[in-house]
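# Provided below are the primary sequence and the corresponding predicted coordinates.
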Amino acid sequence: MKQLFPPEIIEHTTESYFAKYSKGTRVIYVVVLLALLAAWAVTPFIKVDITTQGRGIIRSSQENNALHAAVYAKVQKVFLQENQAVSAGDTLVVLCTNEIDAQNDACRKKILQNQQFINDIEAIIRYEPRLVKTPKYYSEYNEYLARLKQ
């Protein structure tokens, strides 16, 4: 039988390439496919414990219990250990409240200052300037009197 193409040309064609390498790639393809099928087949038998970390969540073996603090503070001491049984009324953590105490003091001072401002405004409304005690409204009242004189 006479060949249509000379062997030099046939050697560099895609048909000869596929004939040469298709057996090796088939083996790799079958091995990968069998590995994927084996991995999929054993998934019901693999058990993985899944845990998550969250802010303010205490996880028990029965249910999740959310823990919400009434105030924001730094934790000073922790009286908990892993798998420790606790009962109602137990002290679990001690919070450092220095920042909260400072905020409360600042709020109290602001409330006192506002109350003094209210008293001064009421004294000005009643035309009793001798009862004005805060420097802010005392200077405002003096400026008002200076404008009236002009």
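That came in fine, so what should we check first?
# drop to CA atoms for contacts and neighbour counts, all remaining ones
OK.
# how about the helices in the chain?
7-10, 14-42, 98-125, 135-149 (DSSP state H).
# where's A123 relative to Q113, distance?
Separation of A123 from Q113 (CA to CA, to the nearest Å) stands at 15 Å.
# quick one: which of the two has more around it?
When neighbours are counted by other CA atoms under 10 Å, A123 comes out ahead of the other of A123 and Q113, with 16 against 13.
# gap between the more buried one and L148?
In terms of CA to CA, A123 sits 18 Å off from L148.
# Quick check: I124 touching V132?
Yes: the criterion here is CA atoms under 8 Å, and I124 meets it with V132 at 7.3 Å.
# Between these two, which has more neighbouring residues?
V132 (20 against 17).
# Ignoring the adjacent residues along the chain, who's closest to the more buried one?
Spatially, and ignoring its direct neighbours in sequence, V132 is nearest to D120 (4.8 Å; CA to CA, 6 or more residues apart in numbering).
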